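# need a structure here:
(2 chains)
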Protein chains: 2
Amino acid sequence: MAKQTVLGIDIGGSLTKIGLVSKDGHILDKKVFETEAEKPFSVFMIKLKSEVEALILKQNSDIKIIAVGVGAPNANPYSGQIENPPNLKWGKAIPLLETIKKAFKLPVFIANDANAAALGELIFGSAKGMKNFVTLTLGTGLGSGIITDGKLLIGEHGAAGEIGHVNVDPQGRMCNCGLQGCLETYASVTGIKRTVFELLSEMREDSVLRTISFSEMTGTDISKAALAGDLIALNAFEKTGKILGSKMADTVAHLDPEAFIISGGLSKAGDILLKPILNNMEKYLFSAYKGKIKVLLSNATSSDAVLGPAALAWVSLEAKY
Amino acid sequence: MAKQTVLGIDIGGSLTKIGLVSKDGHILDKKVFETEAEKPFSVFMIKLKSEVEALILKQNSDIKIIAVGVGAPNANPYSGQIENPPNLKWGKAIPLLETIKKAFKLPVFIANDANAAALGELIFGSAKGMKNFVTLTLGTGLGSGIITDGKLLIGEHGAAGEIGHVNVDPQGRMCNCGLQGCLETYASVTGIKRTVFELLSEMREDSVLRTISFSEMTGTDISKAALAGDLIALNAFEKTGKILGSKMADTVAHLDPEAFIISGGLSKAGDILLKPILNNMEKYLFSAYKGKIKVLLSNATSSDAVLGPAALAWVSLEAKY
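As a prediction, this is how the structure comes out:
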């Protein structure tokens, strides 16, 4: 009998990842290609279809794809559309669900990329067996997904879990979303870079980070500097963890989760980030939660990005979702 | 056949309310008595039992009580206990569920009072038919309950929905809970009173509120003054609504609810409170939510407090909970 798999598709602003995933979370095969988000959506669809066909043809074993899961920025499971995506130039309301259904003639399930990632952690990842947790992906922005009572929290309008846009400071940094002082302008790779430049302006200490331009500086540069004891970099992690930790305490006051699962580029810094997060979260926790909330680093890497959409497809097939 | 009812019990720091409630939310009869929280829990139980027996004996129609629902501050449905209640001098862990079960020999369901109130709004109140909403009770403190996907959000440790302890300002007002700058120190009857006294110290305007001491001032005094155009009072409502509205935007970024249901003493001020809430919530909302979130005043009054615990009993019997 042909082995049942699902097709997981993770659409990002620069890269799209596709993969064939078995029910136990084994990635049979995967492929990464450029999204080319500046060209029309129809061009993307032609490319996606041919890449998927090539991936299937490559398989030696007998497989049967039974569903498709898609994670994309601003994808709304209720409308079936990608709505006002900031990094895709495909229009204001892209009919993602219908178009993918037509292309592959299979059941299709879509979700916001960060929400799909939370399902990936639940079904295949660091949160297996948990019923209440929150994922925070610290990449270019801050993506989040909320699992309550074993299920993805979707909300009334399909847009729950935008913790990156919780307000830190009404007079704070300008956010890509049009608001001011959003959490992701502080707690993300871009956010810590902004903090580094703030500190470079305020502090007098020498730092390797003084030799790198804003455009060129990466999260890895900052992590490396911090691990080497660079004061500016260490200070930036301290500030980032402090802001994120205090806001995580607010998240706990809403959801009372078992754990936070931290992933994304910034999470690679490990304890340098985790310590200030934990200290500050704990400090601001309401008594009922003190000492009870775990903060864990995800095992997932960006090459596993198809696991989220694949998990979405598997749980949706089982109508858990 | 005897009419099926549930017994609803709302235990408060000063008053306890009991009532017999039918499945359609009709309160057949009710009684209010003093909790006397300074005496031992066993004394309270003797009083509760005799008050319930008297209430049942009073009924002319043939009724059958099939379950008991109890709402109490810090009641935890997982442990069955009231845990560290600030206003009840009954100890750190009161075995509420077991004791009430023994006393009445009926199925008993317990919840945090604010969470029970959210179920009351869902089953009998202003949120009937809604699937995703948040209740905010602006009384002595700020109580909150969260309904997602038609169910009460309980959380991993039985303590979800403590929005009153979200942080407004780490250098802000001291809270009864031991933290500093909690939302309820600003957005509650006590909170607005503190704001009035801050404004009395800062502003020069004449005000009727200058003639009332801190101990004597009530929420009604402040509402009345505001309705009469008193500048200090109006300013206090503006400040309260501003802080609450901005934090409600953070709640939306987590939960994406259909609506907030506002109740409690402060909600009687109506538009004077609602307008600054709405303006400021809208201002801080992430684009996906703008123009979509309702803020409604509850129809419930404090004399309906048994409806929450009764709703808890009814939904628990149907295993929806």
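# what does the stretch 1-150 of chain A have sitting close to chain B?
A:74, A:83, A:84, A:131, A:132, A:146, A:148, A:149 (Cβ under 8 Å from any Cβ of the partner chain). All C-beta spots, glycine's among them, are computed from the backbone N, C-alpha and C.
# just the buried members of those residues?
Neighbour-count burial (16 or more other Cβ atoms under 10 Å in any protein chain shown) is assigned, among those, to A:74, A:83, A:132, A:146, A:148, A:149.
# Surely the first one is in contact with residue A:90?
By that I understand residue A:74. No - using Cβ atoms under 8 Å, residue A:74 makes no contact with residue A:90, being 10.8 Å away.
# that older thread, now for the residues of the stretch 1-150 of chain A next to chain B, which pair is the farthest apart?
Spatial extent of those (Cβ to Cβ) is set by the pair A:84 and A:131 at 32.2 Å.
# Specify the local secondary structure of residue A:137.
strand (DSSP: H, G, I helix; E, B strand; the rest coil).
# show me what contacts it?
By Cβ atoms under 8 Å, 6 or more residues apart in numbering or on different chains, residue A:137 lies in contact with A:114, A:117, A:143, A:144, A:263, A:264.
# Any regions of the stretch 201-321 of chain A where pLDDT drops low?
Low-confidence segments of the stretch 201-321 of chain A, defined by pLDDT under 70: A:320-321.
# that older thread, can you flag which of the residues of the stretch 1-150 of chain A next to chain B belong to strands?
Counted as lying in strands by DSSP state E, out of these, are A:83, A:146, A:148.
# bridging residues for the last one?
With DSSP bridges as the criterion, the beta-bridge partners of residue A:148 are residue A:151.
# Contact residues of the stretch 201-321 of chain A facing chain B?
Residues of the stretch 201-321 of chain A lying near chain B (Cβ under 8 Å from any Cβ): A:246, A:249-251, A:253-258, A:284, A:286-289, A:292.
# ok, which stretches of the stretch 1-150 of chain A are strands?
Ranges of strands in the stretch 1-150 of chain A, per DSSP state E, counting those that start in this stretch, are A:3-11, A:15-21, A:27-34, A:63-72, A:75-76, A:81-83, A:93-94, A:108-112, A:133-138, A:142-148.
# Format the ones you listed as CSV; extra columns: mean pLDDT and distance to residue B:18.
Converted to CSV, those look like this (pLDDT from 0 to 100; distance: least, Cβ to Cβ, whole Å):
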stretch, mean pLDDT, distance to residue B:18
strand A:3-11, 96, 54
strand A:15-21, 96, 55
strand A:27-34, 96, 59
strand A:63-72, 96, 51
strand A:75-76, 96, 45
strand A:81-83, 94, 49
strand A:93-94, 94, 53
strand A:108-112, 96, 46
strand A:133-138, 97, 38
strand A:142-148, 97, 32
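# hang on, residue A:191 packs against residue A:164?
No - the criterion here is Cβ under 8 Å, and residue A:191 misses it with residue A:164 at 9.4 Å.
# Next, count neighbours for residue A:38.
Neighbour count of residue A:38, defined by other Cβ atoms under 10 Å in any protein chain shown: 9.
# Please state the backbone phi and psi of it?
Dihedral pair for residue A:38: phi -80, psi -20, per degrees, to the nearest 10.
# Please look at it and residue A:89 and confirm they touch.
Yes - using Cβ under 8 Å, residue A:38 and residue A:89 qualify as a contacting pair, with a distance of 5.2 Å.
# list the contacts for the closest residue to residue A:130 other than its chain neighbours?
Spatial nearest neighbour of residue A:130, excluding adjacent residues (Cβ to Cβ, 6 or more residues apart in numbering or on different chains): residue A:258 at 5.3 Å. Counting by Cβ under 8 Å, 6+ apart, residue A:258 touches A:130, A:131, A:132, A:133, A:293, A:294, B:156.
# picking up where we left off before, out of the contacts of residue A:137, which is most surrounded?
Among the contacts of residue A:137, the one with the most neighbours (other Cβ under 10 Å) is residue A:117, at 32 neighbours.
# my read: that one touches residue A:69, true?
No - if you go by Cβ under 8 Å, residue A:117 and residue A:69 don't touch, sitting 11.6 Å apart.
# any common contacting residues for the two?
Contact criterion Cβ under 8 Å, 6+ apart; residues bridging residue A:117 and residue A:69 by contacting each: residue A:308.
# count of neighbours near the closest residue to residue A:218 other than its chain neighbours?
Leaving aside its sequence neighbours, residue A:218 sits nearest to residue A:189 (Cβ to Cβ, 6+ apart; 7.5 Å). Neighbours of residue A:189 under the rule other Cβ under 10 Å: 22.
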